[in-house]
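Asks: got a predicted model here, sequence first, then my questions.
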Amino acid sequence: MNKSNWRWWLCGLLFVATTVNYLDRQVLSLTWKDFIAPEFHWTNSDYGSITAAFSLFYAFVSLFSGKFIDWVGTKKGYLIAIFVWSLGACLHAGCGWLTMHIHGLESVEALRLVEAGSTLALAISTTSVWLFMVCRMVLAVGESGNFPAAIKVTAEYFPKKDRALATSIFNSGASVGALVAPVTIPFLASAYGWEWAFIIIGGLGFLWMGFWYYMYEKPEQSRHVNEAELEYINQDEIDSPPALPVREGAECEEQASASQSSIVSAPSLTGRAGGESESSGISIWKCFTIRHTWSYICGKFFTDGVWWFLLFWAPAYFSDQYGYRSDSAMGATLIFIVYLIVTLVSIAAGGYLPKYFIERRGMEAYAGRLRAMLMFAFLPVFSLFAQPLGAYSAWWPAIIIGLAGAGHQSWSANLYSTVGDMFPKSAVATITGIGTMTGGIASFAINKGAGWLFDYSDAQGSAFQFLGFEGKEAGYMIIFCYCAVAYLIAWACMKTLVPRYKKVEL
C-alpha cells in the first residue's frame with residue numbers, strides 16, 4: 001500500500017501559522033521608527049521597553065502555554081492560541097485613537113505638533129507606551145502557544161529522522177514572515193496608515209483558523225492518514241533505547257544501560273488506536289528536576305535573544321546607521337535580503353544536514369543533531385564583521401545578519417527536535433513551553449538593554465567607545481559581539497548536561 005502524505009499538508013499549515021505569527025510581530029518593528037514614533041514622541045528606550053514587556057510577558061505565559069496545549073489537546077489549543085494573538089494584533093490599531101482622546105487632542109497632526117520634550121509630549125509618550133504594552137501582552141499570550149503546539153504536531157506526525165526537516169520547514173515561516181513583512185507592511189502603513197497595517201496582518205490569523213479546524217486530527221483518528229502512513233509515523237516505537245525514569249534523576253542513566261527492565265514495550269503500529277494518551281503528562285515543576293530539560297533551557301536562553309534582537313532591531317539599524325527608512329526601496333530591499341538568506345540557508349542546512357548525519361552516516365538522532373548544531377553555531381560568529389564591513393556598504397551587514405539569522409533558524413529547528421527525541425509526546429508541549437519561557441526572558445534582557453544602550457551611547461557620542469567605534473555604532477558592536485559567541489556557549493552547556501541520548505520515561 002502506498003502511504004498517504006497528509007503529514008506534509010499539516011506541516012504546510014504549521015508553516016503558514018508561523019509565517020502569520022512573525023508577520024504580526026514585525027508590524028511594530030517596521031512601523032515604530034518612521035510612522036509611530038513621530039506621533040507619540042518615542043525614544044529608543046520607549047520602543048525597547050515595549051519589546052521588552054512583550055518578551056517578559058511572553059516568557060511568563062510560555063511556562064504555562066505548553067502545559068495548556070498538552071491539557072486541552074493540540075487542535076483546540078492551537079485554535080485558542082491563534083485567535084488570541086490575532087485579536088491582540090488588531091488591538092494595536094486603537095492605541096492612537098485612545099491616546100488622542102485621553103489627552104484631548106483631535107487629530108494625528110495635533111499629536112505631531114506637540115512640542116518635543118514638553119510635559120504634554122512626555123505624557124503622550126507614556127500613555128501610548130503603556131497602551132502598546134497591553135496590546136503586546138495580549139499578543140504574547142496567544143503567540144506563546146504557537147511553537148508548543150507546532151512541535152507537538154511534528155512529534156505526533158513525524159518519525160525522528162524527519163522531524164528536523166519538518167521543523168525546519170514550518171520554522172522557516174518565521175523567516176518568510178520576516179521576508180514578506182518589509183515589502184508589505186511599510187507600504188500598507190504608508191498607503192492606509194499604520195493602524196490598517198495591524199488590522200490587515202492581524203486578520204490573517206482568523207482565516208487560518210478555518211483551515212486548521214477542518215484539517216487537523218490526531219494521526220490515528222484522521223481519515224486522511226492510511227495504515228501505511230500511520231506505520232511510517234510510529235516507526236520509532238520499535239527498538240527504543242532504555243528510558244530514563246524521572247523519579248531516579250541523573251543516576252538512572254547508568255542503571256538504564258545495565259538493565260533492560262526499564263524499557264517500555266512499544267504500542268501496536270498498525271492499530272488505529274496507537275500512540276500515547278493525550279492526557280498523560282508531567283507537572284511543570286517536575287520538569288525542572290530533569291537535566292534534559294535544563295539542556296533545552298540552555299539552548300534557548302543563550303540564543304533566542306539573538307534572534308529577537310535581529311527581528312526587532314534590524315529595520316531601525318538600517319535606518320539609524322545608513323539612513324534607509326523602512327518604507328524606502330533600499331530599506332525594504334536590505335531587510336528582504338536579510339530574510340531571504342535566512343530562509344534559503346536555514347531550510348537547506350537546518351533540515352538536510354542532520355538528516356545526512358542520521359541516514360547517511362548512521363548516527364543516532366540526538367548525536368547527529370548536536371553535530372549539525374555545532375556547525376550552525378559558527379555562522380553567527382560572522383556578526384563580528386557586520387560593523388567593520390558596514391563602513392564600505394550596507395550590503396555587508398545585510399548579508400552577515402542574514403547568515404547569523406540562518407544559523408539561528410537552523411539551530412532552532414534542531415533544538416526543537418531534541419525535545420521530541422528525548423521526551424514522550426504527552427510532555428513535548430510542556431517542555432517546549434518551558435524553553436520558550438527562558439528564551440523570552442533572554443529576549444527581555446537583550447531588547448531592554450539594547451534600547452537603553454543605544455540611547456546612552458548616542459547621547460555620549462565620541463565619549464562612548466568600543467573596539468574602535470563611537471556612539472551608537474559602538475552600542476551595536478557590543479550587541480553583535482554577544483550574538484557571535486552565544487551559540488557556542490549554548491552548545492557547550494547542552495553537550496555537558498546531556499552528552500549522550502537517553503529517552504525520558506514519565
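Replies: That came in fine, so what should we check first? Numbers count the residues shown, from 1 in each chain.

Asks: could you use CA atoms for every contact and neighbour count after this?
Replies: Noted.

Asks: pLDDT-wise, which helix or strand of this protein ranks last?
Replies: Counting by mean pLDDT, DSSP states H and E, the weakest-scoring helix or strand in the chain turns out to be helix 252-258, with a mean of 38.

Asks: for stretch 88-106, buried residues please.
Replies: 88-93, 95-96, 99-100 (16 or more other CA atoms under 10 Å).

Asks: let me redo that: stretch 389-407
Replies: For stretch 389-407, by 16+ other CA under 10 Å, it's 390, 394-407.

Asks: hang on, the earlier thing: show me how far the very next helix or strand once past the least confident helix or strand of the chain is from its chain's centre.
Replies: Scanning forward in sequence from helix 252-258 by DSSP states H and E, the next helix or strand is helix 284-287. Between the centre of helix 284-287 and the centre of its chain there are 22 Å (CA atoms, centre = their mean, to the nearest Å).

Asks: contact partners of helix 284-287?
Replies: With contacts defined as CA atoms under 8 Å, 6 or more residues apart in numbering, helix 284-287 is touched by 63, 67, 293, 430-431.

Asks: just checking, what packs against the next helix or strand after it?
Replies: Moving toward the C-terminus from helix 284-287, the next helix or strand (DSSP H and E) is helix 291-301. Where contact means 3 or more CA pairs under 8 Å, 6 or more residues apart in numbering; DSSP states H and E, helix 291-301 is packed against helix 395-422, helix 425-460, helix 471-497.

Asks: average pLDDT across the longest one?
Replies: By that I understand helix 425-460. For helix 425-460, the mean pLDDT works out to 87.

Asks: just want the angle from that helix to helix 395-422.
Replies: What separates the directions of helix 425-460 and helix 395-422 is an angle of 150 degrees, with axes from the mean of the first three to the mean of the last three CA atoms, to 10 degrees.

Asks: pLDDT below threshold where in this structure?
Replies: Where the chain drops to pLDDT under 70, the residues are 1, 238-281, 351, 506.

Asks: re the thing from before, right, so of the helices and strands packed on helix 291-301, which gets closest to Phe288?
Replies: Of all these, it is helix 425-460 that lies closest to Phe288, at 9.1 Å by CA to CA.

Asks: from the chain's centre, how far out does stretch 41-52 sit?
Replies: Stretch 41-52 sits 21 Å away from the centroid of its parent chain (CA atoms, centre = their mean).

Asks: buried residues in it?
Replies: Those would be 41-52, for stretch 41-52 by 16+ other CA under 10 Å.

Asks: could I have it exported to CSV, CA atoms only?
Replies: Provided in CSV are the C-alpha atoms of stretch 41-52 (Å, rounded to 0.1, in the frame of the first residue of the first chain):
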residue,chain,number,x,y,z
HIS,A,41,7.4,61.2,20.6
TRP,A,42,9.0,57.8,21.4
THR,A,43,12.7,57.3,22.1
ASN,A,44,14.8,54.1,21.5
SER,A,45,14.2,53.4,25.2
ASP,A,46,10.4,53.6,24.8
TYR,A,47,10.5,51.1,22.0
GLY,A,48,12.9,48.9,23.9
SER,A,49,10.5,49.0,26.9
ILE,A,50,7.6,47.8,24.7
THR,A,51,9.5,45.0,23.1
ALA,A,52,11.0,44.0,26.5
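
Asks: tell me how many other residues surround Ile441.
Replies: Applying other CA atoms under 10 Å, we find 24 residues neighbouring Ile441.

Asks: isn't it right up against Ala53?
Replies: No: Ile441 is not in contact with Ala53 according to CA atoms under 8 Å; the separation is 9.9 Å.

Asks: packing partners for the host helix or strand of Phe206?
Replies: Using DSSP H and E, Phe206 sits within helix 194-215. Packing partners of helix 194-215 (3+ CA pairs under 8 Å, 6+ apart): helix 6-31, helix 74-91, helix 185-192.

Asks: any idea how far Asn234 is from Gln221?
Replies: To Gln221, Asn234 is 14 Å away according to CA to CA, to the nearest Å.

Asks: enumerate every residue touching the closest residue to Asp236 other than its chain neighbours.
Replies: Distance criterion CA to CA, 6 or more residues apart in numbering; nearest residue to Asp236, sequence neighbours excluded, is Pro159 at 6.2 Å. By CA under 8 Å, 6+ apart, Pro159 lies in contact with 232-236.

Asks: the residue nearest to Ala484 when sequence neighbours are not counted in helix, strand or coil?
Replies: Distances taken as CA to CA, 6+ apart put Val381 closest to Ala484, at 4.0 Å, once the chain neighbours are dropped. What DSSP: H, G, I helix; E, B strand; the rest coil gives for Val381 is helix.
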